[in-house]
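Novice: with the sequence up front, the predicted model follows.
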Amino acid sequence: MKFFKKALASVLSLSMVFSVSMIGTNVKTEKVKAAATSNSKLVWSDEFNGSSLDTSKWGYETGGGGWGNNEYQYYTNRKDNVYVSGGQLHIKAKKESYGGRNYTSGRINTAGKFTMTHGYVEARIALPSCQGIWPAFWMLGSNIGSVGWPRCGEIDIMEAINAEARTYSTCHWDNNGHAEYGQNMGLNNRTGYHTYAVQWDSNYIRGFCDGNKYYEMYIGGGAGNTEEFQRPFYLLLNVAVCGNWPGFSIDEGALPQEMKVDYVRVYQENPNFSSSAGSSVDKNTGSSNSGSSNSGSSNSGSSNTSTPASGMGMKYNNGSSATAYVNSCKWADIHYSVNGGGQQNVRMTQSGSKATYNVGGLSNGASVSYWFTYADSNGAAHDTAKYTYKHSSGSSSSSSSSSSSSSSSSSSSSSSSSVNTKSGDVYIYQDANYGGRSASLGVGNYTLASLQNKGFKNDDLSSIKVPWGYKVIMYADDNYKGSTKIVYADTSYVGNDWNDKVSSIKVQKAQYKIVNRHSGLCLDVSGGSKDNGANIQQWNDNGSNAQKWTVNFNKGDSTYVLVNVGSGKAMDMGGWSKDNGGNCIQWDNNNTDNQRWYITSIDAGYSFLINKYSNKGLDVANWSTAAGGNVHQWDYKANANQQWKFVRVN
């Protein structure tokens, strides 16, 4: 709750009596799991894949003034406080003088851009933790401007305060004055990623953490004057500093603190939402959401069948392509993947009442999984079930008996044996600003045939997303020939000289030297050893492989494993030590917690490295500036000998 202090006495007691009595005597409780139902559709999401906050989905709230809770921070719209990087949203609270306040932070919402009534809302979040910090993921009634708080209603999906090992879920409403009901749940390792969710329908609001239900409130029929919860709400994310609830003591030595958000997703069974945001694709499930207001959809056909509904399907094209078609429609999209590769999402070519699209780069026996989104002759939107098409390059075959259109075939200049269908963390896009059809690429080499297999040609690529830790080489010609361009970061437009000209691609890991801020020396494997247990030290920059490192990102907890190029082994806290002075060594890369590091950027390109297992910082012993100075772990102090810069070397 963000406007007044937590009423943890009479108001809370009264609302708990109301809620428990309603649930316990008049309503049969249900066992529910934390998930969208089988009938739900993804109606809105932000996967935070870009390089900046998507302002078509989120707006900033700025200013100081205490925000009704005597909070200390000033909310800004600066990248210092709110930014998107590495596939996550970061909201950072900092100690700095700004706007008459001594701290800054960020607060964003979807007001005026997306609202919804009832559904399943989920976010995957890593929380900050220190005295005086107050992160939240919550919802407010969209009529707050006209009726005020608490009559607008509030649903707190997740709140946490100070360094408590627990999370809270609370509802607030007007019942002849402010009423609230909340519960909390113990939470281990709150700085790691956890999934926070709410299931909200006309009868219940239920809160979840990592799939465990710990909150339930009955709202059926407006019981207890809860009519607020049958109206549209919008989403908010913020990190406050101090206030009536967490108190007014802040551990300044622990700042800055960040809340990291991997994704936010909203599902509904009968879509009832309003959004001005464009369509999006879920990077993990491939689900599409239209972003159009109140446009429900209905299923046709059966899942896992090779016979689509009449008037749609795929047809062999006497070569390495097939035509997808939908008859009697006003527009249609096809969503497909080839041989289990990344999902492609393409607007089809409309000709009269028929929509078509050629899927190229298909070899004999290729499996194409696909489904259509289309508007019928009355303009009503529909989604089909998923179908499977088996391609034959020798004789005509179709997954539907209905009529089809003929289209020219597209062929590849590379042999099918060169086709790489691997998917991964790099995304290529047909249009600038990450629009149009897309495909994901893993580490490896992709010929023109490989790109065609993913729905691309040599005149299709206009933008690309390259997460930190990767290097992408684009080639003008097939088979890695012709002129080249190297990309290390998200690029919304590849430039006039490369737009629609890429014919082959190599995806590699970027290599870095890691330089200590205090000494200016590089993180180094002693003697260039390839042995388990070899010591990690600092040394003069000599450009050797013993000083080159790659980074492997762990999506599950937002940590990184640092792998030495010379040895292929990971930087490791020896003996699973949790002690100050525990020695840093290299060991076989087994991705264990003592090899996982949180990397938090600060200023001037420097970062802190915090070991997940020990929760201590990577530190140069005794503030050494000498070559051979030992690297170990120590309590995180934010000192210069604990600050490291990743400098790309390839």
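Specialist: Noted; the coordinates are in hand. Residues are numbered from 1 along each chain as shown.

Novice: following the lowest-mean-pLDDT helix or strand in the chain, which helix or strand comes up?
Specialist: Each helix and strand of the chain was given a mean pLDDT (mean pLDDT, DSSP states H and E); the minimum falls on strand 298-300 at a mean of 27. Using DSSP states H and E, the helix or strand that follows strand 298-300 towards the C-terminus is strand 312-316.

Novice: pLDDT (mean, whole number) over the very next helix or strand once past that next one?
Specialist: Next along the chain after strand 312-316, taking DSSP H and E as the criterion, comes strand 322-327. The predicted model gives strand 322-327 an average pLDDT of 87.

Novice: got the buried residues for the following helix or strand past strand 322-327?
Specialist: Next helix or strand after strand 322-327 toward the C-terminus (DSSP H and E): strand 329-338. Buried residues in strand 329-338, counted by 16 or more other C-beta atoms under 10 Å: 329, 332, 333, 334, 335, 336, 337, 338. C-betas here are computed from N, CA, C, even on glycine.

Novice: dump strand 329-338 to CSV, restricted to CA.
Specialist: This file holds the C-alpha atoms of strand 329-338, laid out as CSV (Å, rounded to 0.1, in the frame of the first residue of the first chain):
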residue,chain,number,x,y,z
CYS,A,329,-10.5,-14.0,-44.3
LYS,A,330,-9.9,-10.3,-44.0
TRP,A,331,-6.3,-10.7,-42.7
ALA,A,332,-4.2,-13.5,-41.3
ASP,A,333,-0.9,-14.1,-39.5
ILE,A,334,1.0,-17.4,-39.4
HIS,A,335,3.0,-18.5,-36.4
TYR,A,336,5.3,-21.4,-37.1
SER,A,337,8.6,-23.1,-36.3
VAL,A,338,10.6,-25.5,-38.4
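
Novice: what's the angle from that strand to strand 312-316?
Specialist: Taking axes from the mean of the first three to the mean of the last three C-alpha atoms, to 10 degrees, one finds strand 329-338 and strand 312-316 inclined to each other by 50 degrees.

Novice: now the strands for the stretch 1-150 of the chain?
Specialist: Under the criterion DSSP state E, counting those that start in this stretch, the stretch 1-150 of the chain contains strands at 41-46, 59-60, 73-75, 82-85, 88-98, 101-105, 107-109, 114-116, 119-126, 133-141.

Novice: mind giving me the packing neighbours of the second one?
Specialist: Put plainly, it is strand 59-60. The helices and strands touching strand 59-60, judged by 3 or more C-beta pairs under 8 Å, 6 or more residues apart in numbering; DSSP states H and E, are strand 107-109.

Novice: in the stretch 201-350 of the chain, where is pLDDT below threshold?
Specialist: Applying pLDDT under 70 to the stretch 201-350 of the chain flags residues 270-307, 309-310, 341-343, 345.

Novice: hmm, try it at 90
Specialist: Residues of the stretch 201-350 of the chain that meet the criterion pLDDT under 90 lie in 202, 210-215, 220-224, 244, 267-350.

Novice: next: the stretch 51-200 of the chain.
Specialist: 56, 65, 68-70, 111-117, 142-148, 176-177, 185-189.

Novice: wait, what's in contact with residue 527?
Specialist: Residues counted as contacts of residue 527 (C-beta atoms under 8 Å, 6 or more residues apart in numbering) are 534, 546.

Novice: got the phi and psi for it?
Specialist: Backbone torsions for residue 527, taken as degrees, to the nearest 10, come to phi 70, psi 10.

Novice: which residues of the stretch 551-650 of the chain fall in strands?
Specialist: Residue ranges of the strands in the stretch 551-650 of the chain, as given by DSSP E, counting those that start in this stretch, are 559-564, 570-573, 584-587, 597-601, 606-611, 617-620, 631-634, 644-648.

Novice: and residue 178, how far is that from residue 351?
Specialist: Plainly put, residue 178 is 60 Å away from residue 351 if you go by C-beta to C-beta, to the nearest Å.

Novice: among these two, which residue is more densely surrounded?
Specialist: When residue 178 and residue 351 are compared for neighbours, residue 178 comes out ahead with 17 against 9, by other C-beta atoms under 10 Å.

Novice: for the more buried one, which non-adjacent residue is closest in space?
Specialist: residue 150 (4.9 Å; C-beta to C-beta, 6 or more residues apart in numbering).

Novice: so that neighbour is in contact with residue 172, correct?
Specialist: Yes: A contact is recorded between residue 150 and residue 172 when judged using C-beta atoms under 8 Å, the distance being 5.0 Å.

Novice: would you turn the strands of the stretch 1-150 of the chain into JSON lines with mean neighbour count and distance to residue 435?
Specialist: Formatted as JSON lines, the entries for the strands of the stretch 1-150 of the chain read as follows, by neighbours: other C-beta atoms under 10 Å; distance: least, C-beta to C-beta, whole Å:
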{"stretch": "strand 41-46", "mean neighbour count": "24", "distance to residue 435": "16"}
{"stretch": "strand 59-60", "mean neighbour count": "16", "distance to residue 435": "22"}
{"stretch": "strand 73-75", "mean neighbour count": "26", "distance to residue 435": "30"}
{"stretch": "strand 82-85", "mean neighbour count": "20", "distance to residue 435": "17"}
{"stretch": "strand 88-98", "mean neighbour count": "21", "distance to residue 435": "21"}
{"stretch": "strand 101-105", "mean neighbour count": "23", "distance to residue 435": "32"}
{"stretch": "strand 107-109", "mean neighbour count": "22", "distance to residue 435": "23"}
{"stretch": "strand 114-116", "mean neighbour count": "24", "distance to residue 435": "19"}
{"stretch": "strand 119-126", "mean neighbour count": "23", "distance to residue 435": "25"}
{"stretch": "strand 133-141", "mean neighbour count": "25", "distance to residue 435": "28"}
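
Novice: what's the helix or strand for residue 536?
Specialist: Mapping residue 536 onto the secondary structure by DSSP H and E places it in strand 536-539.

Novice: starting at the chain centroid, how far to that strand?
Specialist: On the basis of C-alpha atoms, centre = their mean, to the nearest Å, strand 536-539 is displaced by 35 Å from the centre of the chain it belongs to.

Novice: from residue 586, how far out is the residue nearest to residue 178?
Specialist: 56 Å.

Novice: out of those two, which sits in the busier spot?
Specialist: Comparing residue 150 with residue 586 by other C-beta under 10 Å, the one with more neighbours is residue 586, at 28 against 23.

Novice: where does pLDDT dip in the stretch 351-500 of the chain?
Specialist: Counting by pLDDT under 90, the stretch 351-500 of the chain shows low-confidence ranges at 351-424, 430-439, 448-460, 477-478, 495-497, 499-500.

Novice: can you give me the helices in it?
Specialist: If you assign secondary structure with DSSP state H, counting those that start in this stretch, the helices in the stretch 351-500 of the chain sit at 448-453.

Novice: same check on the stretch 101-250 of the chain?
Specialist: Ranges of helices within the stretch 101-250 of the chain are 144-147, based on DSSP H, counting those that start in this stretch.

Novice: so where do the strands sit in the stretch 351-500 of the chain?
Specialist: Counting by DSSP E, counting those that start in this stretch, the stretch 351-500 of the chain has strands at residues 354-359, 367-376, 381-384, 387-390, 426-431, 435-441, 444-446, 463-465, 470-477, 481-487.
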